[in-house]
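[1] how would this look folded up:
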Amino acid sequence: MLYLCSSFYLCQWRKGRKHGVVLVAIIFIVFSLTSIPKYPSWSSTVHHYEEVKSISERSHSPQCEAVQHLMFLKTHKCASTTLQNIILRYGHRNNLTFVLPPSGNNLGNFDQFEPFHADLALPLPSTFGNEYQIFAHHARFMENNIAEIMPRDTVYITIIREPVEMYESIWYYFQLDLRYNVSLPEFARNPVQYYFNAAGQHTKKFGWNPLMSDLGLEETDFTNQSTIEKAIKKISNKFSLIMISGRMEESLILLRSLLCWDFQDVVAFHLNSQPKSYYTKLTEIDRQNIRAWNKADNLLYHYFLAKFEKQVSEYGSDKMGKDVIKLRDLMQKWKRRCSPKLFPTLSRKDKDYCHLLCVNELEFTNIVRSRLWPNYGFRSRYRGKGHRLEMDDINLCDEIML
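    Predicted coordinates:
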């Protein structure tokens, strides 16, 4: 009844407009009235756990080769900046090449839902090699276009988040209350009305199934159950690991194992987070409405949560427990070292490491750009070894640690 009323309202307001919009609303009525299973009904019959075995086997292998061809799809408001920092640090320290935009930190115009294509990236820095090695910035996933520029043995990974938590974070981070001129609970009661009556494409930004949009699903397919299922299967086949932001420590352990990196390589501080003190409290009905509106994201999340549980189980509960404690202790060590009290006593190498642990995404991107394209005139406050770290950066570092 919720979406029937909102769609009727939409049709009344849009009387005389193109029939296509009305058709989308009608389709949504039928789609949203179906029940939302805790897990997709088809997930029990389609399993693609080849990647699970590879993570498990690598975790017990005494020898493995570190992965240096990596595509990390940076999703919005899923703790992806924290993961990106890990990947940028590894690539920067090992002099790897990156796919980067000429400015800013987005490979594409998200206001226009632009999918990634090679023209969005800086040309290959031939001075440092003949291939791109790491892709780790915001982009709408377009498999064929990414495959054109990345090596064939590239490992694909990403991170996702529980849909209501993610939508809350997106709503307040991008100030969607100002875009739609309504509170989140009110929007959740009549999403069709507010979304389709929004003026301008930029107002719709991240307003409907933002996670599946990042992963390349078109808005016209958000109400097509069959297309959503096919898209999730395709994602499952392509991505070796899809981490869960609410299970960050286990995610980092699986990541370290998959990539055959060291524990110190996956040390991380929580970056680009926002306080929840000003969030409007949601009722359980509000949460159900948000899940119904973002049904494609909900299906995606529960499918990969089940797969993640399988990967953790295959890794081994005892081994996972020990490795989580080891990683946690290492993070605490660097939290102490990078504090303003101990920082002056550190070696230059450790000071540089602290800086890169805490530096924001835009500045880190500038650091990498200035290294890879030295003749393009890119500038960074941080020029590498021998440059003193600003105390402001240390204070920030002290504030953002896990």
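
[2] which residues touch residue 353?
    Residue 353 makes contact with residue 334, according to C-beta atoms under 8 Å, 6 or more residues apart in numbering. From N, CA and C alone the C-beta is placed, and that goes for glycine too.

[3] Can we start the residue count at 560 from this point?
    In the new count, where the first residue is 560, that last one comes out as residue 912.

[4] quick one: pLDDT of it?
    With respect to pLDDT, residue 912 scores 90.

[5] A helix includes it, no?
    Yes. Counting by DSSP: H, G, I helix; E, B strand; the rest coil, residue 912 is part of a helix.

[6] Nearest spatial neighbour of the residue nearest to the spatial centre of the chain, chain-adjacent residues omitted?
    Nearest to the geometric centre of the chain sits residue 634, at 2.4 Å (C-alpha atoms, centre = their mean). Sequence neighbours aside, residue 773 is the residue nearest to residue 634 in space, at 4.8 Å (criterion: C-beta to C-beta, 6 or more residues apart in numbering).

[7] wait, that neighbour sits on residue 639?
    No. Assessed by C-beta atoms under 8 Å, residue 773 is found out of contact with residue 639, at 9.3 Å.

[8] So what's the residue count around the residue nearest to residue 634?
    Neighbours of residue 773 under the rule other C-beta atoms under 10 Å: 23.

[9] One more: residue 850?
    For residue 850, using other C-beta under 10 Å, the count is 19.

[10] can you tell me the helix or strand for it?
    helix 843-852 (DSSP states H and E).

[11] Now stretch 673-684: buried residues?
    674-676, 679-681, 683-684 (16 or more other C-beta atoms under 10 Å).

[12] Let me know the closest of those to residue 908.
    Within the buried residues of stretch 673-684, the smallest distance to residue 908 is 25.0 Å, found for residue 684 (C-beta to C-beta).

[13] so is residue 717 in a helix, a strand, or just coil?
    Criterion first, three-state DSSP; result for residue 717: strand.

[14] residues touching residue 721, list them.
    804-805, 860.

[15] what about residue 634, distance to residue 719?
    6 Å (C-beta to C-beta, to the nearest Å).

[16] what touches both of the two?
    residue 770.

[17] how does this protein divide into domains?
    Following automatic domain parsing, the chain resolves into domains at 594-877, 884-959.

[18] Can you tell me what sits against the helix or strand harbouring residue 809?
    Using DSSP H and E, residue 809 sits within helix 807-818. Helix 807-818 has contacts (C-beta under 8 Å, 6+ apart) with 610, 613-614, 617-618, 625-626, 629, 638, 641-642, 645, 714, 716, 718, 799-800, 802-804, 820-822, 824-825, 827, 867, 870-871, 874, 879, 882-883, 886-887.

[19] one more time with 6 Å, if that's ok
    The contact list for helix 807-818, computed with C-beta atoms under 6 Å, 6 or more residues apart in numbering, reads 614, 617-618, 626, 800, 802-803, 825, 870-871, 882-883.

[20] Looking at those residues, point me to the pair that's furthest apart.
    626 and 883 (21.2 Å).

[21] Those two - which one has more neighbours?
    Using other C-beta under 10 Å as the criterion, residue 626 and residue 883 rank with residue 626 on top: 20 against 14.

[22] can you tell me the average pLDDT over the helix holding residue 850?
    So the average pLDDT for helix 843-852 ends up being 97.

[23] What ranges in this structure fall below the confidence cut-off?
    Applying pLDDT under 70 to the chain flags the ranges 560-613, 615-621, 759-762, 831-837, 938-961.

[24] about what we covered before: pipe the buried residues of stretch 673-684 into a markdown table and attach distance to residue 692 per row.
    Shown next, in a markdown table, are the buried residues of stretch 673-684 (distance: C-beta to C-beta, whole Å):
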| residue | distance to residue 692 |
| --- | --- |
| 674 | 22 |
| 675 | 17 |
| 676 | 19 |
| 679 | 18 |
| 680 | 13 |
| 681 | 14 |
| 683 | 10 |
| 684 | 11 |
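
[25] now, which of these lie within strands?
    Within those, no residue falls in strands by DSSP state E.

[26] Any of the contacts of helix 807-818 buried? List them.
    614, 617-618, 626, 800, 802-803, 825, 870-871, 882.

[27] Among these, which one sits closest to residue 707?
    residue 626 (20.1 Å).

[28] who are the neighbours in contact with the closest one?
    The contact partners of residue 626, taken as C-beta under 6 Å, 6+ apart, are 714, 818.

[29] give me the element it is part of.
    Here residue 626 is assigned to no helix or strand, by DSSP H and E.

[30] What are the phi and psi values at it?
    The phi/psi pair for residue 626 (degrees, to the nearest 10) reads phi -80, psi 130.

[31] Quick one: residues contacting residue 655.
    Residue 655 neighbours (C-beta under 6 Å, 6+ apart): 627, 692-693.

[32] so how far is residue 927 from it?
    9 Å.

[33] how near is the residue nearest to residue 634 to residue 667?
    11 Å.

[34] now residue 891
    For residue 891, the distance to residue 667 - C-beta to C-beta - is 38 Å.

[35] the more surrounded of these two?
    Taking neighbours as other C-beta under 10 Å, residue 891 and residue 667 compare with residue 667 leading, 19 against 13.

[36] So the more buried one belongs to a strand, correct?
    No. Counting by three-state DSSP, residue 667 is located in no strand; its state is coil.

[37] That one touches residue 673, doesn't it?
    Yes. Contact criterion C-beta atoms under 6 Å: residue 667 and residue 673 qualify, at 4.1 Å.

[38] now, which of the contacts of helix 807-818 lie within strands?
    Short answer: these in strands (DSSP E) are 800, 802-803.
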